[in-house]
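Visitor: Let me see the structure of the following:
(one chain, ligands or ions: 1)
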Amino acid sequence: MDPIEPFSAPRVSPAQAAPETICARPTLLAESTSVPLVPAPQLSVVYRFEGLDHVDAVYQRQADGFVYARDGHPNASALAARIAALEGAEAAAVCASGMAATAAVLLSELGSGDHIAFAEQLYGKTISLIDRELRRFGIEATGFDATRPDSLVAVLRDRTRLVMVETLSNPLLRLPDLPGLATIAKNAGAKLVVDHTFAPLLCRPLDLGASYVVHSGTKLIGGHSDLTLGLVAGSQEEMDRLRGIGSTFGLSGNPFESWLACRGLATLPLRSSRSCATALDLASRLSRSSAIRAVHYPGLPNHPDHDRARTVLQGGFGAIVTIDLGNRHRADAFIRNLRQIPFAPSLGDVATTLSHPATTSHRGQDPALLDRHGITPGLIRLSIGLEDPNDLAADLEQALAAVS
Ligand SMILES: Cc1ncc(COP(=O)(O)O)c(C=O)c1O
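Guide: Numbers count the residues shown, from 1 in each chain. Sure, this is the predicted structure:
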């Protein structure tokens, strides 16, 4: 087949057309010999072709091009290329949310009769997906304690295909031994999936033995609480399959949010280092407060994973600090007394926000599981943004004084 050259769609001459035709047909953008500095969001759902050879060539990957946005679009390709480069992966894929990204991995890898081992410390909705929804399709699931590799060994089965953990668990920020877990998984013929939402840039899970790395792009990567997106990185073969699954199940991310996420990526390193530095500063200050029962932050020497965090994490210990105020009543009083920091149950924004895991991210989870992992009603999770640390400390201190 002759190489397919880019072609120009014919233009309608408005003078010759009826009003209905003028209104109905798209006006193509003016041609320019100069090119835009900033790539544009390409919102088109569908692409037009010169003829049948052309559409065949695109489907058969003999020519570059897109057909239908759910299958792929230029903004997803641009974002995926950058995520793959950041994660040291062969390829990446863009999904409609963090949950869609996880669902795409699970649907790619698991079938009826298979088994997945999941960290009991995972985000609550991820546990619901694995331990409740997947079961309806005949997929078995067993929880283990990500901080105890022996507990993973104990739950492995012949048909364990996946092992799933988070880099930094929510809300106690436990950092599992990723290379250790990857080796155990590999020896059992399973792949390690790491949800890296809390720690973009701080390490590269694929370098530590994971097969898949998943992000909620809604959080630190987007960075401004104005987009919902998910990202997955892995091998080319895995991503080709996952993109097909994503399209069939309708899990793909849309162009405008992919474009926004690329914009968020531009400042991610700066935002990450600033938030990590402020988080460490505030965690140290908060650990001196008599109003707080405990401060959980991997940068503090008394955190159970501090030594591992110092070796594994590069450039900081993360933007999340969790404090324990003892009970729900004191947590509520603290939230109500804050003047600047809003209770907004997400994370990763340029502004500092807080969440209450027991009533939000872990709502409805098995009480025994919450108890086992110390997720109590007194816990408050702070997501540290870019403000002046002294302004943040002043707001936190006055709210703590009111609680005391
Ligand atoms: C660790 C973690 N993973 C995944 C998700 C799901 O991300 P999304 O809300 O983009 O679906 C969240 C959401 O809070 C999360 O905290």
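Visitor: Compute the number of surrounding residues for the closest residue to the ligand within the chain.
Guide: In the chain, the residue that lies nearest the ligand is G98 (2.3 Å; C-beta to the nearest ligand atom). To be clear about C-beta, it is placed using only N, CA and C from the backbone, and glycine gets the same treatment. G98: 25 surrounding residues under other C-beta atoms under 10 Å.
Visitor: Not counting its neighbours along the chain, what's nearest it?
Guide: Nearest residue to G98, sequence neighbours excluded (C-beta to C-beta, 6 or more residues apart in numbering): S216, at 2.6 Å.
Visitor: What of S287?
Guide: V295 is the one closest to S287 (C-beta to C-beta, 6+ apart), at 4.3 Å.
Visitor: What is whichever strand or helix holds the one you found packed up against?
Guide: According to DSSP states H and E, V295 maps onto strand 294-296. Where contact means 3 or more C-beta pairs under 8 Å, 6 or more residues apart in numbering; DSSP states H and E, strand 294-296 is packed against strand 320-324.
Visitor: quick one, what contacts the residue of the chain closest to the ligand?
Guide: Applying C-beta atoms under 8 Å, 6 or more residues apart in numbering, we find G98 in contact with 195, 197, 214-219, 229-230.
Visitor: before we move on, the earlier item: I'd say the residue nearest to G98 and T197 touch.
Guide: Yes: taking contacts as C-beta atoms under 8 Å, S216 lies within contact range of T197: 4.4 Å.
Visitor: buried residues in stretch 113-132?
Guide: Buried residues in stretch 113-132, counted by 16 or more other C-beta atoms under 10 Å: 114-127, 129-131.
Visitor: Ok, stretch 214-228 next?
Guide: 214-223, 225, 227-228.
Visitor: Adding pLDDT, secondary structure and distance to the ligand, write the residues you listed out as TSV.
Guide: TSV is the format used below for these (pLDDT from 0 to 100; DSSP: H, G, I helix; E, B strand; the rest coil; distance: C-beta to the nearest ligand atom, whole Å):
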residue	pLDDT	secondary structure	distance to the ligand
V214	98	strand	7
H215	98	strand	8
S216	98	strand	3
G217	98	coil	7
T218	98	coil	4
K219	98	coil	7
L220	98	coil	10
I221	98	coil	10
G222	98	coil	9
G223	98	coil	13
S225	98	coil	11
L227	98	coil	9
T228	98	coil	5
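Visitor: picking up where we left off before, okay, now the residue nearest to S287: neighbour count?
Guide: 21.
Visitor: doesn't I320 make contact with it?
Guide: No: contact criterion C-beta under 8 Å: V295 and I320 do not qualify, at 11.7 Å.
Visitor: tell me the two of the buried residues of stretch 214-228 that are most distant?
Guide: Maximum pairwise distance among the buried residues of stretch 214-228 (C-beta to C-beta): 19.7 Å, between V214 and S225.
Visitor: my guess is A141 is in a helix, correct?
Guide: No: using DSSP: H, G, I helix; E, B strand; the rest coil, the assignment for A141 is strand, not a helix.
Visitor: so which of the buried residues of stretch 113-132 are also by the ligand?
Guide: Checking those against the ligand by C-beta under 6 Å from any ligand atom, the ones in range are Y123.
Visitor: among the buried residues of stretch 113-132, which are in helices?
Guide: Using DSSP state H, the members of those that fall within helices are 124-127.
Visitor: tell me the centre residue of the chain?
Guide: S216 (1.7 Å; C-alpha atoms, centre = their mean).
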